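>>> sequence-free structure coming up:
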């Protein structure tokens with residue numbers, strides 16, 4: 001798995017907001033698209049509103065599918081002006097950034113960085129453990145909608161489920177959870193190997209450039 005040293009190189013503060021970029025040597029694109037992640041409650045910003053005092057409040061849902069994309073400038077403005085600015089990360093919409101953030105330790109590292117900045121008055125309630133099951137719900141939107149939940153409750157009132165079906169559903173959910181755990185582990189290992197390969201290539205490229213510069217200096 002990638003180390004904190006690798007993830008730290010992807011984290012920076014831009015215009016008052018914490019940003020998680022694709023790992024170097026990806027260029028810093030100020031006009032790039034990002035999503036705003038609540039790293040403590042594992043939710044993604046879908047919009048914003050204001051409280052009665054006029055304070056900006058980011059709205060979020062536990063579903064990546066419902067997320068809204070922002071420019072970095074707009075995301076930084078929203079995070080900076082939010083009532084609880086030290087719970088949000090602007091995550092670059094980049095496959096490498098996503099892999100390292102969700103499966104390579106970036107999420108946990110961002111939690112640690114923001115926990116050091118948060119004030120007692122601000123707090124960071126609703127800390128959701130970053131388990132494979134929680135990440136699976138976030139990625140696949142497994143939380144039932146309010147309408148489907150209402151229908152399920154109505155169905156439950158008019159039907160008496162058999163104990164066998166309850167056990168079967170429990171077993172199915174455990175199977176999904178363990179399967180997701182395996183896939184997250186595989187993804188993490190893949191991302192770690194990919195980043196390690198990139199680091200080796202970077203070092204080879206730097207060495208080649210140094211040798212080229214040395215040869216050019218000798219020839220002058």
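Perfect, thanks for sending it. No experiment lies behind these values; they were computed from the predicted model shown.
>>> all strands of this structure, in order?
Here the chain has its strands, by DSSP state E, at 11-14, 17-20, 33-38, 43-50, 56-61, 70-71, 88-92.
>>> dump these into CSV; add mean neighbour count, mean pLDDT and distance to residue 118 as well.
All C-beta atoms are positioned from the backbone trio N, CA, C, and that covers glycine. Shown next, in CSV, are the strands of the chain (neighbours: other C-beta atoms under 10 Å; pLDDT from 0 to 100; distance: least, C-beta to C-beta, whole Å):
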stretch, mean neighbour count, mean pLDDT, distance to residue 118
strand 11-14, 14, 93, 14
strand 17-20, 24, 96, 11
strand 33-38, 22, 96, 13
strand 43-50, 16, 95, 16
strand 56-61, 17, 94, 15
strand 70-71, 16, 95, 22
strand 88-92, 25, 96, 11
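>>> generate TSV for those strands, with distance to residue 132 as supplementary columns.
As requested, the strands of the chain are arranged in TSV below (distance: least, C-beta to C-beta, whole Å):
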stretch	distance to residue 132
strand 11-14	23
strand 17-20	20
strand 33-38	17
strand 43-50	17
strand 56-61	20
strand 70-71	28
strand 88-92	19
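>>> right, and the ones you listed - which one's nearest residue 98?
strand 88-92 (7.1 Å; C-beta to C-beta).
>>> strands paired with that closest one, and their directions?
strand 17-20 (parallel), strand 33-38 (antiparallel) (DSSP bridges).
>>> and the ones you listed as TSV, adding distance to residue 117?
Output for the strands paired with strand 88-92, formatted as TSV (distance: least, C-beta to C-beta, whole Å):
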stretch	distance to residue 117
strand 17-20	8
strand 33-38	15
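>>> the ones you listed: which one's closest to residue 133?
Comparing the strands paired with strand 88-92 by C-beta to C-beta, strand 33-38 comes nearest, at 17.7 Å.
>>> which secondary element of the protein has the worst mean pLDDT?
Ranked by mean pLDDT, DSSP states H and E, the weakest helix or strand in the chain is helix 146-158, scoring a mean of 40.
>>> could you give the number of residues near residue 86?
Residues near residue 86, counting by other C-beta atoms under 10 Å, number 19.
>>> excluding chain neighbours, what is closest to it?
Distances taken as C-beta to C-beta, 6 or more residues apart in numbering place residue 118 nearest to residue 86, at 4.2 Å, with adjacent residues excluded.
>>> what are the phi and psi values for the one you found?
With angles defined as degrees, to the nearest 10, residue 118 sits at phi -70, psi 140.
>>> contacts only, for residue 134.
42, 128 (C-beta atoms under 8 Å, 6 or more residues apart in numbering).
>>> residue contacts, the closest residue to residue 49 other than its chain neighbours?
Of all residues not flanking residue 49 in the chain, residue 57 sits nearest, at 5.4 Å (C-beta to C-beta, 6+ apart). For residue 57, the contact set (C-beta under 8 Å, 6+ apart) comprises 48, 49, 50, 51, 82, 83.
>>> rewinding a little: between the strands of the chain, which gets nearest to residue 218?
strand 11-14 (37.9 Å).
>>> what sits up against that closest one?
Strand 11-14 is contacted from outside by 18-21, 28, 30, 72, 76, 90, 106, 109-110, 113, using C-beta under 8 Å, 6+ apart.
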